[in-house]
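Enquirer: need a structure here:
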Amino acid sequence: MQIKSPAFLDGGEIPTQFTCQGQDLAPALQWQDVPATAKSLVLLVDDPDAPDPKAPKMTWVHEVMVDIAPTVRGLAEGHGLPPGARFGINDWKKPAWGGPCPPIGRHRYYFKLFAVDAKLALPEHPTKPEVLAAMQGHIVAEAVLMGTYQKHP
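Expert: Model prediction:
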């Protein structure tokens, strides 16, 4: 399985419009090669460099999306929910996208797409730990896209 964005290259800088210094839109995503055994897709976006990349203390969750149909091949810029999908809770305690807003230094942002072989039993707005626990033993493929961002003066 592969995931990419028309907005930035893997390992490249995420444009300002997708961050707290811009419009805070979710970047468009595209994926392919979803396994035929997939019953659902999960998208997790997080930053392992919080709060300071030189001394990270936590992984900050920017987006949780579950129950994406395996026939969906991407999300449009500013993405809303595809039919049947739902948001989990990010670390701003909201069921939505929350863009990069690093307090210091250049952070890495991982867009992780998982194909799972079951419809996961989850609460209405699950947290990342709840999703990870429900996916145990059900992941049939995964793909990762990484972008970076550092606030501009």
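Enquirer: Only C-alpha atoms from now on, for both contacts and neighbour counts.
Expert: Noted.
Enquirer: Grab the nearest non-local neighbour of the residue positioned nearest the centre of the chain.
Expert: When C-alpha atoms, centre = their mean is applied to the chain, the residue found nearest the centroid is Val45 (2.6 Å). Once flanking residues are discounted, Val45 sits nearest to Phe111: 4.5 Å by C-alpha to C-alpha, 6 or more residues apart in numbering.
Enquirer: Surely the residue nearest to the centre of the chain and Phe114 touch.
Expert: No: counting by C-alpha atoms under 8 Å, Val45 stays clear of Phe114, with 11.4 Å between them.
Enquirer: Run through who's touching the helix or strand harbouring Tyr109.
Expert: Element membership of Tyr109, judged by DSSP states H and E, is strand 107-116. For strand 107-116, contacts defined as C-alpha atoms under 8 Å, 6 or more residues apart in numbering pick out 3, 34-35, 37-50, 52-53, 70, 100, 135, 138-150.
Enquirer: In strands, which of those residues appear?
Expert: Among those, the members falling in strands (DSSP state E) are 3, 40-50, 139-149.
Enquirer: Of the residues you listed, select the buried ones using a PyMOL command.
Expert: To isolate the buried members of the ones in strands among the contacts of strand 107-116 in PyMOL, using 16 or more other C-alpha atoms under 10 Å:
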select buried, resi 3+40+41+42+43+44+45+46+47+48+49+50+139+140+141+142+143+144+145+146+147+148+149
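Enquirer: Alright, that wraps it up for me.
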